[in-house]
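Engineer: Coordinates for the following, if possible.
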Amino acid sequence: MIAKTVNCILLLILTLPVTAAQHSSEAILSSAPTQIYRSVNQPNRVTASMVAKQMCEQARGNRSGYCEIVSMDGEDIGRAVDLKSRAIAHPLFLWRFNRGPATVYLAGTVHVLKEGFFPLPRQYEQAFEASDKLVVEAAVEKIKPEQLQQIMLKYALLSQGTLRDLLPPKTHALLAKHAQIYGLPMEQLQAFKPALASQQLAVAAISAMGYDPSFGIEAHFSARTDPRDIMELETVEGQFKLLFDQPLDTQTSLLRETLEQFDSIAAQTDAMLAAWAEGDDRTIAALIREQTGDSGAAKEFLYQLLDQRNSRMAERIADMLGSSGSYFVLVGSAHLAGTQSIITELGKLGFYGQRILASDSTIDGQPST
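Structural biologist: Purely as a prediction, here's the structure:
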């Protein structure tokens, strides 16, 4: 989804202030999971996670495996090995479309993962190897960090006043509470719109759980692709505009709903990743809509975030299918779930794909019509 654009720059204003709160985190080495590396008495959850991970890495030595965060202030964080599917023939978030000399492999991704989710199912690698072009939502890698920051600031800064002035007191207090837990400096957030504060908080929480954009699926494949062979379905600026140029009352409403359920973010993340690993698009769609909220503002934003963009992305993919060559198209998995998914929109345009299973020995199949 759109979060990858934000992940690349939001930590630019993240610092790790010392607070009175005491936080802990636990890490394990995958090849020796009974040994726990626990950091305690840390100022916030992000720092606690970093310290626990460092303890594990230092102790690993020459042993195989990877270090993984498994607990945050006593709350369990799902291990990759437990979230990955054990079923043999479950569907993947991967479809194959054919039309004449053109082939599109359409994959639903997760923008931040842990090392334990790799290697990916071999069919994703086969689709990548079989494609001439890699297509992503927005090619963040082609933009210099300072340019990315400038674009973000163009849309995310408040034109006047502060968050404290804008937000209802209860919402501001709840934001301050969670910001302290994750080490976000509230004074630095004051100049930004509510959507930026919400995204910052989400990125910090995901980081504290041990997830890393460098292990995202887009990053995994983009790093192995010549930038000249990377295409995009949208633009980075267009994504920032969608995220941060919503009416301020809409942003405030969305932030409040996010904060009200933020204590369950670990369980929500586990559920989302388990559904992705199982290829369970129905559950993905239900979780997305549940987590976004039931207010009119939330429903309108979700309509813009998914439904409208799905139609535009489907038209871009249809153009590829009307040309020649092979394309590996990566979009957030939420775009491939629900009644108005990209899959559904492509069907309306006359393109029907073949879903690929984890048990398929090859990604080749009968061409769709």
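
Engineer: Tell me, how many residues neighbour residue 172?
Structural biologist: Neighbours of residue 172 under the rule other C-beta atoms under 10 Å: 22. Just so you know, the C-beta spots here come from the backbone N, C-alpha and C atoms, and that holds for glycine as well.

Engineer: how far away is it from residue 178?
Structural biologist: Counting by C-beta to C-beta, to the nearest Å, the separation of residue 172 from residue 178 is 11 Å.

Engineer: what does residue 167 give?
Structural biologist: For residue 167 relative to residue 178 (C-beta to C-beta), the value is 13 Å.

Engineer: Just give me the longest strand of this structure.
Structural biologist: Assignment by DSSP state E gives strand 32-42 as the longest strand of the chain.

Engineer: Run a quick neighbour tally on residue 331.
Structural biologist: 25.

Engineer: Surely it is within a helix?
Structural biologist: No. Going by DSSP: H, G, I helix; E, B strand; the rest coil, the assignment for residue 331 is strand, not a helix.

Engineer: Not counting stretch 336-353 itself, show me its contacts.
Structural biologist: Stretch 336-353 is contacted from outside by 93, 95-97, 99, 104, 106, 108, 281-282, 284-285, 288-289, 306-307, 310-311, 313-315, 317-318, 321, 331, 335, 368-369, using C-beta atoms under 8 Å, 6 or more residues apart in numbering.

Engineer: Name the residues of that stretch that come out as buried.
Structural biologist: Across stretch 336-353, burial judged by 16 or more other C-beta atoms under 10 Å covers 336, 337, 338, 340, 341, 342, 343, 344, 345, 346, 351, 353.

Engineer: what about stretch 127-136, how long is it end to end?
Structural biologist: 14 Å (C-alpha to C-alpha, to the nearest Å).

Engineer: Any buried residues in it, and which?
Structural biologist: Buried, per 16+ other C-beta under 10 Å, within stretch 127-136: 127, 128, 131, 133, 134, 135, 136.

Engineer: Then stretch 52-66?
Structural biologist: So for stretch 52-66, counting by 16+ other C-beta under 10 Å, buried means 52, 53, 55, 56, 60, 66.

Engineer: which ones among the residues you listed are found in helices?
Structural biologist: Among these, the residues falling in helices (DSSP state H) are 52, 53, 55, 56, 60.

Engineer: rewinding a little: residues contacting the longest strand of the chain, please?
Structural biologist: 22-29, 48-49, 51-52, 55-56, 59, 63, 65, 67, 70-71, 79.

Engineer: what does stretch 130-143 give?
Structural biologist: 1-2, 4-5, 8, 103, 105, 128, 148, 151, 218, 221-222, 225, 227, 229-236, 238-239, 313, 320, 325-332, 363.
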